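Trainee: Build me a model:
(5 chains, ligands or ions: 4)
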Amino acid sequence: MNDIVEGLLHALRLIVTLDGDLVEITLRSLRVTLTATAIASLIALPLGALLAVRRFRFRRATIAILNALMGLPPVVVGLIVYILFSRSGPFGVLGLLFTPTAMIIAQVIIIVPLITSIAHQALRDIWAEYHDLLISLGASGRQRVATLIWDGRRSLITAGLAGFGRGIGEVGAIMVVGGNIDHVTRVLTTAIALETGRGDFALALGLGFVLIGLAVSVNLIIHSLSGTEVGSRW
Amino acid sequence: MNDIVEGLLHALRLIVTLDGDLVEITLRSLRVTLTATAIASLIALPLGALLAVRRFRFRRATIAILNALMGLPPVVVGLIVYILFSRSGPFGVLGLLFTPTAMIIAQVIIIVPLITSIAHQALRDIWAEYHDLLISLGASGRQRVATLIWDGRRSLITAGLAGFGRGIGEVGAIMVVGGNIDHVTRVLTTAIALETGRGDFALALGLGFVLIGLAVSVNLIIHSLSGTEVGSRW
Amino acid sequence: MVGSVFPMTASGAVVRRGGQRLLGPIDLRLDGSGVTVIIGPNGSGKTTLLRLLHGLERCREGRVDWAVDRDSALSRQAFVFQTPIMMRRTVRENLVYPLRLRGASRADIAEKGDAWLKSVDLAAAGLQRASTLSAGERQKLSIARALIAAPELLILDEPSANLDSRSTREIERILTEQNKAGTRIIMATHDMGQARRLGDHVIFMLNGLVHEEGPAERFFKGAQTDAGRAFLAGDIVE
Amino acid sequence: MVGSVFPMTASGAVVRRGGQRLLGPIDLRLDGSGVTVIIGPNGSGKTTLLRLLHGLERCREGRVDWAVDRDSALSRQAFVFQTPIMMRRTVRENLVYPLRLRGASRADIAEKGDAWLKSVDLAAAGLQRASTLSAGERQKLSIARALIAAPELLILDEPSANLDSRSTREIERILTEQNKAGTRIIMATHDMGQARRLGDHVIFMLNGLVHEEGPAERFFKGAQTDAGRAFLAGDIVE
Amino acid sequence: EMRLAVTTSFQNSGLSAVLLPAIKADTGIDVRLIVVGTGQALRLGRAGDVDAVLVHSRKAEEDFVAGGFAPYRREIMYNDFVIVGPKADPAGIGDADTIGTALARLAEAAASFVSRGDDSGTHKRELTLWTGAGIDPEAVAMRYLSVGAGMGTALNIAAGAGAYILTDRGSWLNFANKADLRVLFAGAPELVNQYAYLPVSAERFTNLNAGAAMRLEEWLTSPQAKMLINGYSIDGEQLFRWGSAAADDPS
Ligand SMILES: Nc1ncnc2c1ncn2[C@@H]1O[C@H](COP(=O)(O)OP(=O)(O)OP(=O)(O)O)[C@@H](O)[C@H]1O
Ligand SMILES: Nc1ncnc2c1ncn2[C@@H]1O[C@H](COP(=O)(O)OP(=O)(O)OP(=O)(O)O)[C@@H](O)[C@H]1O
Ligand SMILES: [Mg+2]
Ligand SMILES: [Mg+2]
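Mentor: Ligands and ions are numbered 1, 2, ... in the order given. Sure, this is the predicted structure:
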């Protein structure tokens, strides 16, 4: 219990003193995960809309698999990305291993299924509402997707935030592909894992609280900017 | 690349020969995560419905925080559970540390926010539809929640499955509280982490593919049992 | 049930949304018998007034009072929405839902369910999903669902907008019967024939205000206001 | 646009859902002028027939053909739904959405938007969310949205169910005008007065089948079938 | 800039924080540490993803060299393994005079023993010790917990479960969650823990920064490194000795 209190104090101290290392790894966490979230959203939102709009043969299986992939074990993703980008792997020449770029790639793979699934669920309901109208108006596939994304933007923000949350708290994959190199690829979660391994629970918890605070702030900021959950309906 | 192929072969071999250890840890993975998912759903679904139905002062902040908690870093959850259940912690006398029960507790904490968030998003739309009717019929708070859960059951299954996926692929927390003890708390993800640390990437990937296959099967089975994604509307 | 929701009174009640005044100030006193019809052009506030009287709309200024508190008032009334709200259930489950909320017995639910399905001509559609009903069928189901729990006050918002003439007559017959049996009725309608046939008392809405109010006979024979006369003649009312 | 959707023909077209036959077999041939009104009791299949002719409903047996392919046919028609479908946008954005889909210019969109908002009396509500409109206002918006892209064929499903008498007259005036300007109109209605005023040609539906079809004048003067006569008299038709 | 894969014990000891800035200052090399398990460290070397490896598992290192992944292994420094356990020492290994006695007492006691179980250098040494004592740890009274985890996690488990565990002195001294664990047995010759440096074969992989790897090796064997390594201590206790244990003590 003391550890938890100490962790909170630690977090406070680190934040109040604007500890240099903390600022560095926090900014790196943010940069990696925000980039990954942006890229993943660009892939996942249209995909989710497409799954809502299109009726094809293996749609149900695709959706089930997508749901399952929400649980893609991060370590496995990390391993696969590692193998692909290892010097002896197919993309080895790019020299991306143990760089933030590799971490972004791994996070994109992990969060795309999550964002797609949540987006699909939200857009499916809007599609049920709009179906007749959009078909009747002869909207093209691309226009249907664009309309759903625009009219469902508030729910899609939630989907993106879920992806951000998953990414920022993730450690298994980025540890393998990033290597937790001090000043290069160390982020909040890998630092937490490091301190846990050293038995310094107070510091680990302190970093953990910083991480949670960061996630909460990003959510609050985005929610208040986008005005979700304000109106009762729409 | 070879590792990936080898990993697939490994997975195949393990499955075909019904490897005893594999069966054991797979069943343990399933048991831990299914239990955690069931408990988490019992908490999260009514909570999600309540958030949809009730209008209270800090509703928006609550929802934003809930969304943020989807990104609760597993290691931090693991640490907190460890501290609470360690012998010097408040629940130390229960002797639950390094047992499957502790792993279930950690997973419940991790997946409750995810299930709540997805459930809330689905039920919010149904509530918008039902609001006037249920108020007019004078349904009590409890009846509103029950009605939303029943009528939204198909979406809620997706929410539960998302939680299952998150749990079954999780490693950070259960490693700390479960300890990856052979024949006691070793599950698929901790075994994967172990093999990765040992540098046996092929075996790690093999286990990873088994895990993914398991998640996909559970999703397909549940989806086909529940008949989601069949009808176009409802 | 002990007590009655009547008299219900609105005093200076105003409904605002997005800073705009949609309705009011409304001053009204309704007591417990007869049929009140609310008429007026599109967007004049009929639906909003019905929702206010039902207790669905809270007023920012002024107040609406029932002889009992709001929760009891709600539970003694039933509302038929202009756009019927169908639950994601079968026709039968939609119909008996109010009984389930009240914890009625299985036998009671089965019996009343059968009777009402028959009386609105939906016996064959009981197991169909409500979302597959035709517009008129939904309207009939919505009316039956409102009546199944025997409300003291029945509020209807354009109950026959999508009904064929025979269903309209049938519904009007049911409403008259219920009214005779003691159910107070308040309804909005655009069908002046219906208003004349059913109404004892008329409220004529214009721009969110009660423009004219009085006994139906007097109103239809000769409305007191220019706007009222113009509306009856089907003219532009502004 | 080159070519026309007419003649459109249905031959042996059947619509099934859940193993049940909802409509058909339907054999019809409609050509390019005038106003067809579809009448019949609730649940007789009017909406389903309109959807079939529009191309929204695919038939399992038989076929529906337009003079052009289905996609071109859809793009030359507009459909006004019985329960207006409002997008989660403002009134104005709902109105001009068909123009946006067609990639119309900003100026064009602004101009037509203004003109149509005015002609359905919603100029003041342009920036309001469509979901806040009253039922009648939604219906008017839905009609304006259908007309804004100048369709060759306009299909309306009970366009005036929730309209006050003045709006009904106004909409009827617009429809007559459009029809004179060359827009083919097919509509379902329960308002026999409206059917008489607007229809050149009547289709009387019963139990999912075309029971009687012919020139409006003849039908209203003396329907050929017993059921047709009974329906006009407001009697039970089975 | 070069990449060096090291085991968790090296990082957890805190020595890296002392050495890396000095290396940067003396040679200009920016050493990037990839901290992983022994097996994974060698695996990274085998794929050519790191320029050198610093581990402590002799047998695996020799296989690595034999496989042609490194031209040789160079012993850099050593310390020793210790057995830690609950302060109360229910097995009574505190006053054992040989490792054999200590392990035999452990085996007979109603105590728990946490094994790394991950084929790391520490784990392999532990297995060697059991074999040397003629004990099958899974078949005795003692509860043998094979946890399959890194040093830090295993220590956390031992602390949480009040179990005995074999660990290296460096990791132990720098470990913060000691709970009621204490060093109970240390100092036996079987417990020497030798770290070796293996530059990854530049012939095999062309993209390596072989120059930096060589300069780092030179630096690690220089008097400057000797001074820093021997001078690194926590609470007055020295964690590592520079050089080769075999050379220092030919017995
Ligand atoms: N949030 C809002 N902002 C602005 N105006 C609103 C809002 N909500 C509703 N309105 C307007 O309030 C008016 C009253 O609506 P109401 O539904 O009561 O009319 P009504 O008399 O029932 O009309 P109808 O006969 O068409 O059903 C409408 O003109 C509607 O556009
Ligand atoms: N999935 C289904 N299963 C069974 N019956 C269905 C299904 N979908 C629609 N129906 C029935 O098909 C019939 C035709 O409906 P349709 O909407 O075409 O009627 P309509 O003539 O437009 O009626 P209204 O005048 O009430 O609008 C209705 O009786 C409806 O209940
Ligand atoms: Mg209304
Ligand atoms: Mg219809």
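Trainee: Lowest-scoring secondary structure element of chain C by mean pLDDT?
Mentor: The element with the least model confidence among the helices and strands of chain C, by mean pLDDT, DSSP states H and E, is helix C:70-75, at a mean of 85.
Trainee: List of residues touching that one?
Mentor: Helix C:70-75 is touched from outside by B:Ile135, B:Ser136, B:Leu137, B:Gly138, C:Gly3, C:Val5, C:Met8, C:His54, C:Gly55, C:Trp66, with contacts defined as C-beta atoms under 8 Å, 6 or more residues apart in numbering or on different chains. Just so you know, the C-beta spots here come from the backbone N, C-alpha and C atoms, and that holds for glycine as well.
Trainee: Quick check: next helix or strand after that helix?
Mentor: strand C:77-80 (DSSP states H and E).
Trainee: ok, and does stretch A:144-154 reach over to chain D?
Mentor: Yes - in terms of C-beta under 8 Å from any C-beta of the partner chain, part of stretch A:144-154 sits within range of chain D, namely A:Thr147, A:Asp151, A:Gly152.
Trainee: Just the buried residues of the longest helix anywhere in chain C, please?
Mentor: In terms of residue count, the longest helix belonging to chain C (DSSP state H) is helix C:165-180. Residues C:Ser165, C:Arg166, C:Ser167, C:Thr168, C:Arg169, C:Glu170, C:Ile171, C:Glu172, C:Ile174, C:Leu175, C:Gln178, C:Asn179 are the ones in helix C:165-180 that count as buried (16 or more other C-beta atoms under 10 Å in any protein chain shown).
Trainee: could you say what helices and strands that helix packs with?
Mentor: Here helix C:165-180 touches helix C:135-147, strand C:153-157, strand C:184-188, helix C:192-198, going by 3 or more C-beta pairs under 8 Å, 6 or more residues apart in numbering or on different chains; DSSP states H and E.
Trainee: again, 7 Å this time
Mentor: If contacts are counted by 3 or more C-beta pairs under 7 Å, 6 or more residues apart in numbering or on different chains; DSSP states H and E, helix C:165-180 sits against helix C:135-147, helix C:192-198.
Trainee: Chain A is nearest to which of the ones you listed?
Mentor: Of all the helices and strands packed on helix C:165-180, the one in closest proximity to chain A, counting by C-beta to the nearest C-beta, is helix C:135-147 (13.2 Å).
Trainee: got the angle for that closest one vs helix C:165-180?
Mentor: An angle of 10 degrees separates the directions of helix C:135-147 and helix C:165-180 when computed by axes from the mean of the first three to the mean of the last three C-alpha atoms, to 10 degrees.
Trainee: now helix C:135-147: how far from the chain's centre is it?
Mentor: Its chain's average C-alpha position is 12 Å from that of helix C:135-147, according to C-alpha atoms, centre = their mean, to the nearest Å.
Trainee: go on, stretch A:58-68?
Mentor: Per C-alpha atoms, centre = their mean, the displacement of stretch A:58-68 from the mean C-alpha position of its chain is 20 Å.
Trainee: quick one: the longest helix of chain C to strand C:153-157, angle?
Mentor: 150 degrees.
Trainee: Is there proximity between helix C:165-180 and ligand 4?
Mentor: No - applying C-beta under 5 Å from the ion, one finds that helix C:165-180 is not in contact with ligand 4, the shortest distance being 12.3 Å.
Trainee: Take that helix, keep the C-alpha atoms, and write them as CSV.
Mentor: What follows is helix C:165-180 as a C-alpha-only set of coordinates in CSV (Å, rounded to 0.1, in the frame of the first residue of the first chain):
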residue,chain,number,x,y,z
SER,C,165,-60.2,4.9,-43.8
ARG,C,166,-61.4,1.7,-42.3
SER,C,167,-58.7,1.5,-39.7
THR,C,168,-59.3,5.1,-38.9
ARG,C,169,-62.9,4.4,-38.2
GLU,C,170,-62.0,1.4,-36.2
ILE,C,171,-59.6,3.4,-34.1
GLU,C,172,-62.1,6.2,-33.6
ARG,C,173,-64.6,3.6,-32.5
ILE,C,174,-62.1,2.2,-29.9
LEU,C,175,-61.3,5.7,-28.7
THR,C,176,-64.9,6.7,-28.3
GLU,C,177,-65.5,3.4,-26.4
GLN,C,178,-62.6,4.0,-24.1
ASN,C,179,-63.7,7.6,-23.5
LYS,C,180,-67.1,6.4,-22.5
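Trainee: For chain C, give the residue positioned nearest to chain E.
Mentor: Counting by C-beta to the nearest C-beta, chain C gets nearest chain E through C:Arg88, at 48.2 Å.
Trainee: neighbour-wise, which of the contacts of helix C:70-75 leads?
Mentor: C:Val5 (26 neighbours; other C-beta atoms under 10 Å in any protein chain shown).
Trainee: Could you pull out the helices in chain A for me?
Mentor: With DSSP H applied, chain A shows helices at A:2-16, A:20-53, A:59-69, A:74-85, A:100-136, A:141-151, A:153-168, A:172-178, A:188-197, A:201-226, listed in chain order.
Trainee: ugh, wrong one, I meant chain C
Mentor: Counting by DSSP H, the segments of chain C that form helices are C:46-54, C:70-75, C:91-101, C:106-119, C:135-147, C:165-180, C:192-198, C:216-221, C:226-232.
Trainee: Make a markdown table out of those helices and add distance to ligand 2.
Mentor: Output for the helices of chain C, formatted as a markdown table (distance: least, C-beta to the nearest ligand atom, whole Å):
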| stretch | distance to ligand 2 |
| --- | --- |
| helix C:46-54 | 21 |
| helix C:70-75 | 29 |
| helix C:91-101 | 9 |
| helix C:106-119 | 13 |
| helix C:135-147 | 3 |
| helix C:165-180 | 8 |
| helix C:192-198 | 17 |
| helix C:216-221 | 28 |
| helix C:226-232 | 27 |
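Trainee: If you average pLDDT over each of the ones you listed, which is lowest?
Mentor: For those, the weakest mean pLDDT is recorded on helix C:70-75, namely a mean of 85.
Trainee: and the closest residue to E:Met214 other than its chain neighbours, what are its bridge partners?
Mentor: For E:Met214, ignoring the flanking residues on the chain, the nearest one in space by C-beta to C-beta, 6 or more residues apart in numbering or on different chains is E:Pro199 at 6.6 Å. Here E:Pro199 shows beta-bridge partners E:Ala52, assigned using DSSP bridges.
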